[in-house]
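1. Coordinates only, no sequence provided:
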DNA sequence: CGACGGGACGC
DNA sequence: CGACGGGACGC
């Protein structure tokens, strides 16, 4: 139940044509348009071998769309010379349950004729397909200097608009895309946004110039830094991969490399407690033992409301002997209150579980796992 | 936007 | 803390 979001219906070609006919006038924000697909200068006529006028990059493609479907769609405009959907590497590796070859959501379409490429931009850019609005623009000549040019900006005033954001950054270079994140429910700005520049050095310039500065009319400084690269994936261990990744036959695991561990980590343990592996659970001496004195009680925080006991068994079982698990629920709703407890027999195994599972991305939540503290109601 | 339960020995 | 429509340069 935790990872159903990937299930979408494959797109039929007939549906696509249909969509094409009825929605080819889909609105695209002016901002996106000025996002810089048109080069500022004169280089229009370099057609032959310089900047290609036939090669398009298509972004925000629906996950399920295949290269063949893309080609079919774009062939409705004119003759397509080549078409490539970019997919992630077919890593046969263990951890990534993301089956090899998933679409990365963008691709390239190269037309025979520049006029068709232009027509494709005019008619297909902004086309809505499934849950996505695709973007069609001229591909820039591929080169190293355009990579890693995406910035993450936080601390923005809630009133700052996308246009304001672009104005703020436009002096640093050519903006390819910009975005401000809004809360889905309230519609209010999250004070966080992205700017993708044409060139990486433009992005560096923007960091130099704007990081820590206070926008006009604002009171707080903004943070400008490089956005996380898509490869440093946040939910590298997809929800249901747990059972398979944390194979029950393996009692001890090497350190699990959490995506951005440092940031999410929060360990209540002091190094002194970690020193020895020969500690025995004792009912009174240390603050982190289970009440009963037999076993080590672990506090697990940031569980989803639907969480059930079996999730905890699956999470902790691979690390050793688990005596009991408990999901704490609200009495009324019977929904998990966001935390639970796991009691393990052996200190070493409990420690290993904590070290491995603290910071672990379970679905869209990052777990915080530590020895239970003693809320001394009584002594 | 959020943080540590529930049970009940029979002295 | 904060991370996008998951994924903008050929995976």
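-> The structure has been received and is ready for your questions. Since the model is a prediction, treat every value here as computed from it, not as a measurement. Numbers count the residues shown, from 1 in each chain, chains lettered A, B, ... in the order given.
2. so where is chain A shaky, pLDDT-wise?
-> Scanning chain A for pLDDT under 70 picks out A:1-50, A:90-100, A:230-293, A:375-379.
3. what about 80?
-> In the predicted model of chain A, residues A:1-51, A:89-101, A:131, A:184-185, A:229-294, A:374-379 satisfy pLDDT under 80.
4. Which stretches in it count as helices?
-> When secondary structure is read from DSSP state H, chain A shows helices at A:13-23, A:30-33, A:67-75, A:114-124, A:162-169, A:200-210, A:242-245, A:261-264, A:271-274, A:309-316, A:347-357.
5. Would stretch A:175-183 count as contacting DNA strand B?
-> No - under the criterion of CB under 7 Å from any atom of the strand, DNA strand B is not reached by stretch A:175-183; the shortest gap measures 7.7 Å. In this view, the C-beta of every residue, glycine as well, is placed from N, C-alpha and C.
6. Any buried residues in that stretch, and which?
-> Neighbour counts using 16 or more other CB atoms under 10 Å place A:175-180 of stretch A:175-183 among the buried residues.
7. Just put those in CSV and tack on distance to DNA strand C.
-> Output for those, formatted as CSV (distance: CB to the nearest atom of the strand, whole Å):
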residue, distance to DNA strand C
A:175, 10
A:176, 5
A:177, 4
A:178, 9
A:179, 5
A:180, 9
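8. Now intersect these with the strands, please.
-> Taking DSSP state E as the definition of strands, the buried residues of stretch A:175-183 contribute A:175-180.
9. hang on, the earlier thing: and which of the buried residues of stretch A:175-183 is nearest to DNA strand B?
-> When these are compared for distance to DNA strand B (CB to the nearest atom of the strand), residue A:180 wins out at 17.6 Å.
10. Just the strands from the stretch 1-150 of chain A, written as ranges.
-> Secondary structure of the stretch 1-150 of chain A (DSSP state E, counting those that start in this stretch): strands located at A:55-59, A:80-87, A:103-111, A:128-129, A:132-133, A:135-138, A:150-154.
11. Next, the angle from the second one to helix A:67-75.
-> Direction vectors for strand A:80-87 and helix A:67-75, defined by axes from the mean of the first three to the mean of the last three CA atoms, to 10 degrees, enclose an angle of 140 degrees.
12. For residue A:145, give me its contacts.
-> For residue A:145, the residues meeting the contact criterion (CB atoms under 8 Å, 6 or more residues apart in numbering) are A:199-201.
13. burial of the residue lying closest to residue A:324 once chain neighbours are set aside, as a residue count?
-> Spatial nearest neighbour of residue A:324, chain neighbours left out: residue A:343 (4.8 Å); criterion: CB to CB, 6 or more residues apart in numbering. Neighbour count of residue A:343, defined by other CB atoms under 10 Å: 23.
14. thought residue A:343 was touching residue A:321?
-> No - counting by CB atoms under 8 Å, residue A:343 sits too far from residue A:321 to count as a contact (9.6 Å).
15. May I ask which two of the buried residues of stretch A:175-183 are separated the most?
-> Across these, no pair lies farther apart than A:176 and A:180, at 15.5 Å, counting by CB to CB.
16. gap between residue A:341 and residue A:369?
-> Relative to residue A:369, residue A:341 is positioned 11 Å away (criterion: CB to CB, to the nearest Å).
17. what about these two, which has more around it?
-> The residue with the greater number of neighbours, taking residue A:341 and residue A:369 and applying other CB under 10 Å, is residue A:369; the counts read 24 against 16.
18. what bridges to the more buried one?
-> Counting by DSSP bridges, residue A:369 forms beta bridges with residue A:300.
19. Okay, it and residue A:325: tell me how far apart.
-> Residue A:369 is 13 Å from residue A:325, where distance means CB to CB.
20. any idea what sits nearest whichever residue of the stretch 151-300 of chain A sits closest to DNA strand C, other than its immediate chain neighbours?
-> In the stretch 151-300 of chain A, the residue that lies nearest DNA strand C is residue A:152 (3.3 Å; CB to the nearest atom of the strand). By the measure of CB to CB, 6+ apart, the closest residue to residue A:152 outside its immediate chain neighbours is residue A:227, 4.1 Å from it.
21. Angles on the backbone of that neighbour, please.
-> With angles defined as degrees, to the nearest 10, residue A:227 sits at phi -70, psi 150.
22. And for it, the neighbour number?
-> By the measure other CB under 10 Å, the count of residues near residue A:227 is 16.
23. you'd agree it is up against residue A:151?
-> Yes - judged on CB under 8 Å, residue A:227 makes contact with residue A:151 at a distance of 5.9 Å.
24. before we move on, the earlier item: dump the strands of the stretch 1-150 of chain A into JSON lines; add mean neighbour count and distance to DNA strand B as well.
-> Putting these into JSON lines (neighbours: other CB atoms under 10 Å; distance: least, CB to the nearest atom of the strand, whole Å) gives the following:
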{"stretch": "strand A:55-59", "mean neighbour count": "21", "distance to DNA strand B": "30"}
{"stretch": "strand A:80-87", "mean neighbour count": "17", "distance to DNA strand B": "34"}
{"stretch": "strand A:103-111", "mean neighbour count": "19", "distance to DNA strand B": "28"}
{"stretch": "strand A:128-129", "mean neighbour count": "19", "distance to DNA strand B": "29"}
{"stretch": "strand A:132-133", "mean neighbour count": "16", "distance to DNA strand B": "27"}
{"stretch": "strand A:135-138", "mean neighbour count": "21", "distance to DNA strand B": "31"}
{"stretch": "strand A:150-154", "mean neighbour count": "19", "distance to DNA strand B": "12"}
